[in-house]
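> Here's my sequence, what's the structure:
(chains A and B)
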Number of protein chains: 2
Amino acid sequence: MENKIKITYPSSEKIYMKGEIHPELRVGMRKINLTPTVMKVNGERKERANAPIMVYDTSGAYSDPTIDIDLRKGLPKLRNSWIAKRKGTQMYYAKLGVITEEMEYVAIRENMNCRELGVESRITPEFVREEVAAGRAVIPANIKHPESEPMIIGTNFLVKINTNIGNSHNNSGIEEEVEKAVWSCKWGGDTLMDLSTGENIHETREWILRNCPVPVGTVPMYQAFEKVNGKVEDLNWEVFRDTLVEQCEQGVDYFTIHCGIRLKNICLADGRLTGIVSRGGSIISKWCKIHQRENFLYSHFDEICDICAQYDAALSLGDGLRPGSTHDANDAAQFAELDTMGELVERAWKKNVQAFIEGPGHVPMNKIRENMERQVEKCHGAPFYTLGPIVTDIAPAYDHITSAIGAAMIGWYGTAMLCYVTPKEHLALPNKEDVREGVIAYKIAAHAADLAKGHPGARIRDNALSKARYEFRWKDQFNLSLDPEKALAYWKSSNKVGGKYCTMCGPNFCAMKISRELDECND
Amino acid sequence: MENKIKITYPSSEKIYMKGEIHPELRVGMRKINLTPTVMKVNGERKERANAPIMVYDTSGAYSDPTIDIDLRKGLPKLRNSWIAKRKGTQMYYAKLGVITEEMEYVAIRENMNCRELGVESRITPEFVREEVAAGRAVIPANIKHPESEPMIIGTNFLVKINTNIGNSHNNSGIEEEVEKAVWSCKWGGDTLMDLSTGENIHETREWILRNCPVPVGTVPMYQAFEKVNGKVEDLNWEVFRDTLVEQCEQGVDYFTIHCGIRLKNICLADGRLTGIVSRGGSIISKWCKIHQRENFLYSHFDEICDICAQYDAALSLGDGLRPGSTHDANDAAQFAELDTMGELVERAWKKNVQAFIEGPGHVPMNKIRENMERQVEKCHGAPFYTLGPIVTDIAPAYDHITSAIGAAMIGWYGTAMLCYVTPKEHLALPNKEDVREGVIAYKIAAHAADLAKGHPGARIRDNALSKARYEFRWKDQFNLSLDPEKALAYWKSSNKVGGKYCTMCGPNFCAMKISRELDECND
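Got it, this is the predicted structure:
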């Protein structure tokens, strides 16, 4: 394995902002430096500086040139000293009125440019505490994963994206998965789910956790299923519980658990076009039907919470009955599970376990809003975490796009985190390029939602990029973009570059050039 | 130039449906043949046939193996005999109560599977006539472009997509442009705008028109601008008028004309972040300011209509003041122009000229609906034709995605046609692969809108593909998709293929496999 992985971004610096309540905090951000605007005033060349732009940075120590990273040793253990004195979860402290280091950290992180530009933000450390106390936001931060930089998932914060990686029986190895994890963080993945199902599940996860600067989630059922050699009937609570403890000990920050499936509700999926398409959901449904017994994830839910509370692992209540086709969207099976999740999330909160709710799936545009509204109503404001949704079924190989449409919309409506989809969805496991495509498509959806919701500071980056575009500061435009490397490469692919016109239009036809000449007439 | 271009789709046949009012009509469609569903009933293998699915087909004669196409001779002149007896535009006949061949053609075309599946459709030839008479729909069909297959643009019909091609001073040649035109039709482009600005404009357009089975649009100002050697101040009505007549004679089906810009309104764009970003709009604005005169496209609008009426060329009232950044969305300049377009569209209708209205551009999600609602109100129900909109500015190289999000939404809200955006938007001219990416992204947006609007028959394809997916009929799944070639290639890229499980999950973890086992328990 490569000994040193570095992440770099053009014209960017890693900077750190300090805390006030906790002065020892150093919150990493990426500062993009810009070139000046060049003007002619009375025939004389003048320059006007453009302020640097701060952007939210998920790349952790990998983009800090002063830190040497040895993958065998893992990342610096940022949160160790904070964790040492802990006696409960973030929710426990929030309810007590205590602002933890993590809470102040995320407040600073969410506000990026606000402090420097004097933009008033409602996101204060106290606001973060209130949201966590009310269950409206989650800071996934297992005390055994001190390498993770705190981040927050909630409707009143920046919309986050999750990326999935993980080998299966058919595919990739450990090194490749760690490389993909860092790669996902480079492009902006906020959390990472390790969905490995093959051999070496434990070891793969260990490598990922020790080297991952963002929270890591899993579906513990996958490993439990491996432990019973893929025989659904042999699954039981004890195997699952032991797996959960094993993964908590490793530092997994959140668990998808399909506890919302009830024996009595499985039949509601009978008339579906595409049955049950969640892996965990189909396994536990089959178990319930074989044994004609209640889902043990439901009946042992309080014990699951007790385990999670010890580690401050968060629960992602999995939507095992999500629709697998737009035809099945918003049906009785899906909504019955949502009702159960609403019941369970309150039980989690009573034990101070942070929790969020998973959502679909495949949903046509006209049925998306109902998902969000029902989730808020039934689940008492717990954060919603959706997979897409995909808005039409007819575009395999382009499902990063079909789903980015639904993701942007549901993000705008209030979903807190969007689980990415790559172009290979439904077809094959994603390679590195697919991960990049999927992450960028979802950064677009999330940022479009932030803009539409009016998140403080979200507009700053769009405005800076648009200004650079209008002033033909090409490099600034690219450096401010989500994928500077690709934008630059496309631009260079045309024959002539660097001029005061857009290569799409040619020198005589550039609207921006003509429009700027118009401006000069005004001066 | 290659002598014979053919378009093929896997497991597909070209079929023709006949007219009833006009029995000589032969409306081309693509029929996708499916394999049977294989089941085990009492341990015995049984097959159940799956009905073929009809899909809307924009590929014209290129996908008919019985027709030899010689690019030097052009496509068969499908509409010649219909046109021979004409005395007015489609709107003229619609108002008289006459159902033209084009009207019945599009009614059959829009309904695809409805007739065979017994789905009741509101889209009858009489309904088409009513919509055209009311100005709510446009059939762009210049009498000098008999090669074009009739199609309809209106909010009560399938959402259409336009693709732009065209060389500039910097780039491609004629052959490449014709190849791109056919390529665009292959993937599903409903209309095609030739935005060439370089040399050989006339000749390029001639080749494209004679070989294009879909309506062709242009921005005649580009050629007029070439005629005055790129000197804005030398532009005048006469040069423009002659260019318009020249292009009408060639058979251009619709013209984007920036007649909505008024001298008094140009100053409204002064405070913008990104000025005027429409090429035609910036040229005419500069002309107005230099001469301090009213826009001649506005003052000569009735004469423009008289010319268009002679050829049944449609007008696309260009949004010269569309926003070029999300910052500038929905501003006074944009809406002042929309008001003017509302005035002009009624003047066009008085002369029986079909017309639609162009829209933005760059608009954050929360401001999209206002665009649609104002357009309907101010423009009296004339079809809306939007460019995207792009919902965030920060993703150059991915603007097919940023804009597909806005396009899907505004399509759902009622926009009749979506102008595609390729990954190279803002950066360079698109190559063939970019055209494909752009077209597919927009077919996704348009189809997602059709689904959300409940267009009769739109759901049939999604359901058939989802059923194939659930039954592991991989090839059927791909053949029903928007890009069978890419889906198949991605699927093959994984190590193991063809099994009764999805390559993402591996054999033990496939949810659909487990879910189907569950179904079998039920049987």
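> Give me the secondary structure label for the closest residue to A:Ile83 other than its chain neighbours.
Among residues not flanking A:Ile83 along the chain, A:Ile143 sits closest, at 4.7 Å (C-beta to C-beta, 6 or more residues apart in numbering or on different chains). Heads up, the C-betas are built off the backbone N, CA and C, glycines and all. Reducing the assignment at A:Ile143 to three states with DSSP: H, G, I helix; E, B strand; the rest coil gives coil.
> and A:Ile143, what is it in contact with?
A:83, A:86, A:311-312 (C-beta atoms under 8 Å, 6 or more residues apart in numbering or on different chains).
> Return the member of those nearest to B:Thr392.
Minimum distance to B:Thr392 across the contacts of A:Ile143 is 33.9 Å, recorded for A:Asp312 (C-beta to C-beta).
> ok, now how distant is the one residue sitting closest to the centre of chain A from chain B?
Nearest to the geometric centre of chain A sits A:Ile161, at 2.3 Å (C-alpha atoms, centre = their mean). Distance from A:Ile161 to chain B, counting by C-beta to the nearest C-beta, to the nearest Å: 14 Å.
> Pretty sure A:Glu120 sits against A:Pro456.
Yes. A:Glu120 lies in contact with A:Pro456 (C-beta atoms under 8 Å); the separation is 7.4 Å.
> Now the common contact residues for these two.
With C-beta under 8 Å, 6+ apart, A:Glu120 and A:Pro456 have common neighbours A:Cys114.
> how about the residues of the stretch 301-450 of chain A near chain B?
Proximity of the stretch 301-450 of chain A to chain B (C-beta under 8 Å from any C-beta of the partner chain) is limited to residues A:324-327, A:362, A:364-366, A:391-398, A:400-402, A:404-405, A:408-409, A:412, A:423-429, A:440-441, A:443-445, A:447-449.
> Please pick the buried ones from those.
Taking 16 or more other C-beta atoms under 10 Å in any protein chain shown as the criterion, what is buried in these is A:324-327, A:362, A:364-366, A:391-398, A:400-402, A:404-405, A:408-409, A:412, A:423-429, A:440-441, A:443-445, A:447-449.
> so of those residues, which ones are in strands?
Counting by DSSP state E, those place none of their members in strands.
> CA atoms of stretch A:301-320 as PDB?
Below are the C-alpha coordinates for stretch A:301-320, written out as PDB (Å, rounded to 0.1, in the frame of the first residue of the first chain):
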ATOM      1  CA  PHE A 301     -34.400  -2.700  19.600                       C
ATOM      2  CA  ASP A 302     -33.900  -1.400  23.100                       C
ATOM      3  CA  GLU A 303     -30.800  -3.700  23.500                       C
ATOM      4  CA  ILE A 304     -29.500  -2.300  20.200                       C
ATOM      5  CA  CYS A 305     -29.900   1.200  21.600                       C
ATOM      6  CA  ASP A 306     -28.100   0.200  24.800                       C
ATOM      7  CA  ILE A 307     -25.100  -1.000  22.800                       C
ATOM      8  CA  CYS A 308     -25.000   2.100  20.600                       C
ATOM      9  CA  ALA A 309     -25.300   4.400  23.600                       C
ATOM     10  CA  GLN A 310     -22.100   3.000  25.100                       C
ATOM     11  CA  TYR A 311     -20.200   4.100  22.000                       C
ATOM     12  CA  ASP A 312     -22.200   7.000  20.800                       C
ATOM     13  CA  ALA A 313     -22.800   5.100  17.600                       C
ATOM     14  CA  ALA A 314     -25.800   6.600  15.700                       C
ATOM     15  CA  LEU A 315     -28.600   4.600  14.300                       C
ATOM     16  CA  SER A 316     -29.700   4.800  10.700                       C
ATOM     17  CA  LEU A 317     -33.100   3.200  10.700                       C
ATOM     18  CA  GLY A 318     -33.000   1.400   7.400                       C
ATOM     19  CA  ASP A 319     -35.800   1.400   4.900                       C
ATOM     20  CA  GLY A 320     -35.900  -2.300   4.100                       C
END
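> Helix or strand: which one has the closest residue to A:Gly281 other than its chain neighbours?
Leaving aside its chain neighbours, A:Gly281 sits nearest to A:Gly320 (2.3 Å; criterion: C-beta to C-beta, 6+ apart). Counting by DSSP states H and E, A:Gly320 is held by no secondary-structure element, helix or strand.
> and A:Gly320, how many residues sit next to it?
32 (other C-beta atoms under 10 Å in any protein chain shown).
> Surely it and A:Arg262 touch.
No. The pair A:Gly320 / A:Arg262 is not scored as a contact, 10.3 Å apart, by C-beta under 8 Å.
> measure A:Ala511 to B:Ile283 for me?
Applying C-beta to C-beta, to the nearest Å, the value for A:Ala511 to B:Ile283 is 8 Å.
> Flag every residue of the stretch 151-300 of chain A that's near chain B.
So the stretch 151-300 of chain A meets chain B at A:168-171, A:197-198, A:222, A:225, A:230, A:232, A:270, A:273-279, A:281-283, A:285-286, A:289 (C-beta under 8 Å from any C-beta).
> 7 Å - rerun?
Within reach of chain B by C-beta under 7 Å from any C-beta of the partner chain, the stretch 151-300 of chain A has these residues: A:168-171, A:197, A:222, A:230, A:270, A:273-279, A:281-283, A:285-286, A:289.
> In the stretch 301-450 of chain A, mark out all the helices, start to finish.
Along the stretch 301-450 of chain A, the stretches classed as helices by DSSP state H, counting those that start in this stretch are A:301-311, A:332-350, A:368-378, A:399-413, A:432-453.
> Ok, which of the ones you listed comes nearest B:Ala348?
Nearest to B:Ala348 among those is helix A:399-413; the distance by C-beta to C-beta comes to 33.3 Å.
> how far does that closest one sit from the chain's center?
14 Å (C-alpha atoms, centre = their mean, to the nearest Å).
> do the same with stretch A:7-20
Chain-centre distance of stretch A:7-20: 20 Å, with C-alpha atoms, centre = their mean.
> Endpoints of that stretch, how far apart?
End-to-end distance for stretch A:7-20, by C-alpha to C-alpha, to the nearest Å: 29 Å.
> pLDDT on that stretch, on average?
In this model, stretch A:7-20 has a mean pLDDT of 96.
> Show me what the helix or strand harbouring A:Glu104 is in contact with.
Here A:Glu104 sits within helix A:101-111, counting by DSSP H and E. Helix A:101-111 is touched from outside by A:17, A:19, A:21-22, A:25, A:27, A:56, A:82, A:90, A:121, A:123-125, A:128-129, A:132, A:139, A:141, A:150-152, A:157-158, A:456-457, with contacts defined as C-beta atoms under 7 Å, 6 or more residues apart in numbering or on different chains.
> could you flag which of the residues you listed are buried?
A:17, A:19, A:22, A:25, A:27, A:56, A:82, A:90, A:121, A:123, A:125, A:128-129, A:132, A:139, A:141, A:150-152, A:157-158, A:456-457.
> ok so A:Met193 is a strand residue?
Yes. Counting by three-state DSSP, A:Met193 is found in a strand.
> Need the per-residue pLDDT for it.
Reported pLDDT for A:Met193: 96.
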